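> The sequence and its predicted three-dimensional model are supplied below.
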Amino acid sequence: MSKIVDYNAYPDAHGRFGNYGGSYVAETLMAPLAELTEAYLRLRDDPAFIAELDRDLKHYVGRPSPIYHAERLSQHVGGARILLKREDLNHTGAHKINNTVGQALVARNMGKTRIIAETGAGQHGVASATVAARLGLKCVVYMGAVDIERQKINVYRMKLLGAEVVPVTSGSKTLKDALNEAMRDWVTNVADTFYIIGTVAGPHPYPMMVRDFNAIVGREARAQMLEQYGRLPDVLTACVGGGSNAIGLFHAFLNDEGVRIVGAEAAGEGIATGHHAASLAAGRPGVLHGNRTYVLCDDNGQITETHSVSAGLDYPGVGPEHAFLKDTGRADYVGVTDDEALEAFHLLARTEGILAALESSHAVAQAIKLARGMPKDGIVLCNLSGRGDKDVHTIAAREGVEV
Amino acid sequence: MSRIDRRFAALKAAGRTGLIPFVTAGDPSPQHMVALMHALVDAGADLIELGVPFSDPMADGPVIQHASERAIAKGVGLADVLGWVAAFRRRDADTPIVLMGYLNPVEIHGYARFAQEAVQAGVDGLLLVDCPLEESAVLQPLRDAGLQQILLAAPTTEPSRMAQLCGSAEGFLYYVSFAGITGAAHLSTGDIAARVADIRTRAKAPVAVGFGIRDAASAQAIAGFADAVVIGSALVDRLAGATDAEEIVRRTQAFLAPIRAALDAH
């Protein structure tokens, strides 16, 4: 592929990021997607919409989130400075709210009265239930039965917020199956229902729209870097499941050639074991959930079951823009194992007093690896996409502790 | 003239409504798949839709989804499906076969390779649920090989887009009778009749109606205004769990014969 001059030019009008993205959906959804695209493109440039979104992000979500120099962690590692973009401090505890606040406003503008969402770790489900409660919209969240079991606290949080949580028992009973089920609901109830997709995947315009709503993370971080450090970071890192927090951080830096970008995928028990969710590092181009991207599938084209200790990364596809960034070479995607993520979780807890989400712990582990090989005046900026309270039971169970 | 075109021309000449049963390849039994296909024809099928199992069938309801899961659990893949078509063709050179499924298995198999093998096996058309017209450039090798791309039209389809679909339709245009997944229950024939009548005057190809047709009565209600009816979930549901060839043939007959009779009585 020829050198990309302007990464802001993607996707094109068909929702394509180079060879990836697009709208691979049944005919029934073509009109609703066109309607959504039209509404979103109109609202995106509407000063009243922008002002309302900015107000919500400031007063409801609590933005801007700080960038924090993890000094003790950096000293412990003994390399470059590690800075954390504190998305864990947002209302509901993760970056997911940036997107749901935005999509809920789009839904209200389109006159929709019912919100549906899919969720893996439950963070997106909670963030959707939250905005639905605030706008007085009905909310139904689809969640794999396996994920319901390992994320009980988030399930209860959603119920407290007035959402109905529907267990999905088909396929692998995880995020991908929840997405299938939500898509079926949408096809059936498209007249009054708005589907809030939680990651930068799905058919156009979702990868673009979800990216735009999360791109506030990178825009803030870039300005904060210049203001507080007088320079940009040497390298960015974030965890990648579907990839919404990662694209959120990366996007504002894509045209900054000097800033290296590394995405951390879930290598589970190790890529060689086959028990992982590293679609970019170990998958191949295919079509899943409405877009062309890297997928994990067998030689018959069947999507394979994935594994990660973190429910939010346990997904066999990845956002098409990441596929594009991989192929252009703008970003590198590497695997971080369950064990490495847990080690990073504990290290961050003990050196900085921060319990990171298991998803974000993959990014912390990658930040540590990167910092180790860099000079002391270097800077690694890591997206701490969510807090770890929801994972306390998973970690305890894994370590044989009864809570 | 393709096998599909010949079949629809013959139906038209005879004044009959076509019957298109859908079965999931490999369900209920991979061993008896070819026997099932012949049984469909013996029970009155004019064209067979063969579902290629996929792990993530977003547009399908629970019945077909579970049939896919059962077939995949038995190791059924695209090569098996093509093998069954080839075996079926040894005894039946006339009944058109359309493979229905999702893009990823074909993409991973390789478009050029698939096109060649499918034509060789005796496949006539392909309906890829998640490949709308806008994304179908990748299917050029299939068209070049002579496979017809069956397009879907839906109640949500906008008028300008409907015109485009009508102009591009080949083989037949599959009209999804309501916005929803396969196998759902409600069906309002009045609305469908008006939409289909309009589409039939404009489409280059005959119009088959599917989604929500489950028995003789619902088939007959559609028969008055469609060139063919598609019956999927109700049949797959009826076949589920049958293990031996005799039982499969018996259930196929019992299910399709009244529907055939109802269509012909129209």
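Received, thanks.
> Just the element for B:Leu19, please.
strand B:18-24 (DSSP states H and E).
> Strands of the stretch 151-266 of chain B, residue ranges please.
In the stretch 151-266 of chain B, the strands defined using DSSP state E, counting those that start in this stretch lie at B:151-153, B:173-176, B:207-210, B:228-231.
> what's in contact with the following helix or strand past the strand holding B:Leu19?
Counting by DSSP H and E, the next helix or strand C-terminal to strand B:18-24 is helix B:33-42. The contact list for helix B:33-42 (Cβ atoms under 8 Å, 6 or more residues apart in numbering or on different chains) reads B:21, B:23, B:25-26, B:29, B:48, B:50, B:84, B:87-88, B:91-92, B:95, B:97, B:239, B:245, B:248-249, B:252-253, B:256. Every residue, glycine included, has its C-beta placed from N, CA and C.
> Show the end-to-end separation of stretch A:10-21, please.
Distance between the two ends of stretch A:10-21: 10 Å, counting by Cα to Cα, to the nearest Å.
> Is there contact, residue-wise, from it to chain B?
Yes: contact of stretch A:10-21 with chain B (Cβ under 8 Å from any Cβ of the partner chain) involves A:His14.
> what's the nearest residue to A:Pro64 if we skip its chain neighbours?
Excluding its sequence neighbours, the residue lying closest to A:Pro64 (Cβ to Cβ, 6 or more residues apart in numbering or on different chains) is A:Glu220, at 4.7 Å.
> where's stretch B:155-162 relative to the chain centroid, distance-wise?
Distance, stretch centre to chain centre, for stretch B:155-162: 21 Å (Cα atoms, centre = their mean, to the nearest Å).
> Mind listing what's buried along that stretch?
Under the neighbour-count criterion of 16 or more other Cβ atoms under 10 Å in any protein chain shown, stretch B:155-162 has B:Pro155, B:Thr156, B:Thr157, B:Arg161, B:Met162 buried.
> Looking at the second one now. What's its pLDDT?
In other words, B:Thr156. pLDDT for B:Thr156: 88.
> show me the contacts for it.
Applying Cβ under 8 Å, 6+ apart, we find B:Thr156 in contact with A:Glu27, A:Thr28, A:Leu29, A:Met30, A:Ala31, A:Pro32, A:Val190, B:Ala179.
> Please flag which of these sit within helices.
Among the contacts of B:Thr156, the residues falling in helices (DSSP state H) are A:Glu27, A:Thr28, A:Leu29, A:Met30, A:Ala31, A:Pro32.
> ok, which of these also contact chain B?
Filtering those for neighbours of chain B using Cβ under 8 Å from any Cβ leaves A:Glu27, A:Thr28, A:Leu29, A:Met30, A:Ala31, A:Pro32.
> How about the fourth one: what's its closest non-neighbour residue?
Nearest-residue entry for A:Met30: B:Pro132, 5.7 Å, with adjacent residues in sequence omitted and distances by Cβ to Cβ, 6+ apart.
> For the one you found, grab phi and psi.
phi -70, psi 170 (degrees, to the nearest 10).
> how about the helices in the stretch 151-266 of chain B?
Per DSSP state H, counting those that start in this stretch, the stretch 151-266 of chain B carries helices over the ranges B:159-168, B:189-202, B:216-223, B:233-239, B:245-265.
> Convert the C-alpha atoms of stretch A:321-335 to PDB, please.
Extracted in PDB, the C-alpha atoms of stretch A:321-335 (Å, rounded to 0.1, in the frame of the first residue of the first chain):
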ATOM      1  CA  GLU A 321      -9.500   0.600  11.200                       C
ATOM      2  CA  HIS A 322      -7.000  -1.400  13.200                       C
ATOM      3  CA  ALA A 323      -6.800  -3.900  10.400                       C
ATOM      4  CA  PHE A 324      -6.000  -1.000   8.100                       C
ATOM      5  CA  LEU A 325      -3.400   0.400  10.500                       C
ATOM      6  CA  LYS A 326      -1.800  -3.000  10.700                       C
ATOM      7  CA  ASP A 327      -1.600  -3.400   6.900                       C
ATOM      8  CA  THR A 328      -0.200   0.100   6.400                       C
ATOM      9  CA  GLY A 329       2.400  -0.500   9.100                       C
ATOM     10  CA  ARG A 330       1.300   2.600  11.000                       C
ATOM     11  CA  ALA A 331       0.600   0.500  14.100                       C
ATOM     12  CA  ASP A 332       2.000  -2.700  15.500                       C
ATOM     13  CA  TYR A 333      -0.200  -5.200  17.200                       C
ATOM     14  CA  VAL A 334       1.400  -7.700  19.700                       C
ATOM     15  CA  GLY A 335       0.100 -10.300  22.100                       C
END
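> which parts of chain A sit against chain B?
A:14, A:22-32, A:34, A:170-171, A:176-177, A:180, A:183-184, A:187-188, A:190, A:284-290, A:295, A:297, A:299-303.
> What subset of these is buried?
Buried by 16+ other Cβ under 10 Å: A:22-32, A:34, A:170-171, A:176-177, A:180, A:183-184, A:187-188, A:190, A:286-290, A:295, A:297, A:300-303, out of the residues of chain A next to chain B.
> Surely the residue nearest to A:Met30 and A:Glu27 touch.
Yes: B:Pro132 lies in contact with A:Glu27 (Cβ atoms under 8 Å); the separation is 6.0 Å.
> intersection of neighbour lists for those two?
Residues touching both B:Pro132 and A:Glu27 (Cβ under 8 Å, 6+ apart) are B:Leu152.
> angle of the lowest-mean-pLDDT helix or strand in chain B against helix B:216-223?
The helix or strand of chain B with the lowest confidence, counting by mean pLDDT, DSSP states H and E, is helix B:189-202 at a mean of 87. On the basis of axes from the mean of the first three to the mean of the last three Cα atoms, to 10 degrees, helix B:189-202 is oriented at 40 degrees to helix B:216-223.
> which non-adjacent residue is nearest the residue in the stretch 51-200 of chain A that chain B sits nearest to?
Taking Cβ to the nearest Cβ, chain B has its nearest neighbour within the stretch 51-200 of chain A at A:Thr188, 4.3 Å off. The shortest distance from A:Thr188 to any non-neighbouring residue, by Cβ to Cβ, 6+ apart, is to B:Gly180 (4.3 Å).
> which stretches of chain A form strands?
Secondary structure of chain A (DSSP state E): strands located at A:16-17, A:20-21, A:67-69, A:81-86, A:114-119, A:138-144, A:164-168, A:193-196, A:235-240, A:260-268, A:284-288, A:291-295, A:332-337, A:379-384.
> Grab the most central residue of the chain for me.
Just going to use chain A. Central residue check for chain A by Cα atoms, centre = their mean: the C-alpha nearest the mean position is that of A:Ser244, 2.9 Å away.
> meant chain B actually
B:Glu49 (3.1 Å).
> Now do the residue lying farthest from the centre of chain B, the pLDDT please.
Distance from the C-alpha centroid of chain B, by Cα atoms, centre = their mean, peaks at B:Ser160 (25.4 Å). Per-residue confidence at B:Ser160 stands at 92 (pLDDT).
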